[in-house]
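Chemist: what would the 3D arrangement of this be:
(one chain, ligands or ions: 2)
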Amino acid sequence: MEKILLTHAHIDHAGGTAELSKEMGLPIEGPHKEDNFWIQAYPSRRRCSLSGAGGVHADRWLEDGEEVTVGNQTLEVLHCPGHTRGTSCSSTGNPAGMVGDVLFQGSIGRTDFPKGDYNTLIRSIREKLFPLGDEVSFIPGHGPMSTFGQERASNPFVSDHRS
Ligand SMILES: [Zn+2]
Ligand SMILES: [Zn+2]
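Modeler: Ligands and ions are numbered 1, 2, ... in the order given. Model (predicted):
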């Protein structure tokens with residue numbers, strides 16, 4: 001392992017990364033700085049027993065259009081707000097890499113968390129992810145992989161049949 005790449009700062013994705021980065025000496029890249037809001041909220045959440053994310057710090061915030069390298073791969077960063085304001089997906093190639101909790105097979109990320117926004121999320125999916133191509137598959141933060149074409153055809157939230 002060479003680094004920890006975060007799509008967004010929710011505890012189910014970023015929890016434990018502070019310890020991991022300290023123990024293994026790994027830098028943390030991402031998410032977008034808008035998610036600092038969630039990181040700052042961790043200490044109070046920890047008191048409600050969601051433990052493990054205290055002290056996460058990004059060694060590098062990710063901006064739309066920037067590149068991150070993982071091994072010998074170079075990925076383009078796509079800022080895809082909606083689920084959280086600072087969600088950063090990584091694209092390039094096929095599969096398109098990580099989309100965090102933006103898009104799932106047959107579903108989309110929740111937008112009922114603080115600063116989540118449904119319309120913003122739909123726009124992120126349609127304007128940032130779908131243009132990558134129908135044949136491109138993606139790795140969601142939860143559940144099985146899918147392709148953007150399959151979601152455009154059948155996802156009840158963002159399919160082409162839904163305006
Ligand atoms: Zn999330
Ligand atoms: Zn999640």
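Chemist: hey, let's count contacts and neighbours off CA atoms from now on
Modeler: Noted.
Chemist: roughly how far does the closest residue in space to residue 159 that isn't next to it in sequence sit from residue 107?
Modeler: Leaving aside its chain neighbours, residue 159 sits nearest to residue 152 (4.1 Å; criterion: CA to CA, 6 or more residues apart in numbering). In this structure, residue 152 and residue 107 are 11 Å apart, going by CA to CA, to the nearest Å.
Chemist: neighbour count winner among those two?
Modeler: residue 152 (20 against 15; other CA atoms under 10 Å).
Chemist: could you say which helix or strand holds that one?
Modeler: Assigning secondary structure by DSSP states H and E places residue 152 in helix 148-154.
Chemist: repeat for residue 19
Modeler: Applying DSSP H and E, one finds residue 19 within helix 17-24.
Chemist: can you name the next helix or strand after that helix?
Modeler: strand 28-29.
Chemist: can you list the neighbours in contact with that following strand?
Modeler: 3, 4, 5, 6, 21, 57, 58, 59, 60, 61, 62 (CA atoms under 8 Å, 6 or more residues apart in numbering).
Chemist: one more pass at 6 Å, please.
Modeler: Residues outside strand 28-29 that contact it (CA atoms under 6 Å, 6 or more residues apart in numbering) are 4, 5, 58, 59, 60.
Chemist: doesn't residue 76 make contact with residue 64?
Modeler: No - counting by CA atoms under 6 Å, residue 64 stays clear of residue 76, with 8.1 Å between them.
Chemist: all strands for this protein, in order.
Modeler: 4-5, 28-29, 67-70, 73-79, 88-91, 103-104, 107-108, 137-138, 146-147 (DSSP state E).
Chemist: got these as TSV, with mean pLDDT and distance to residue 12 columns?
Modeler: Written out in TSV, the entries for the strands of the chain read as follows (pLDDT from 0 to 100; distance: least, CA to CA, whole Å):
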stretch	mean pLDDT	distance to residue 12
strand 4-5	92	14
strand 28-29	94	16
strand 67-70	90	22
strand 73-79	92	19
strand 88-91	88	15
strand 103-104	97	16
strand 107-108	98	16
strand 137-138	94	19
strand 146-147	96	21
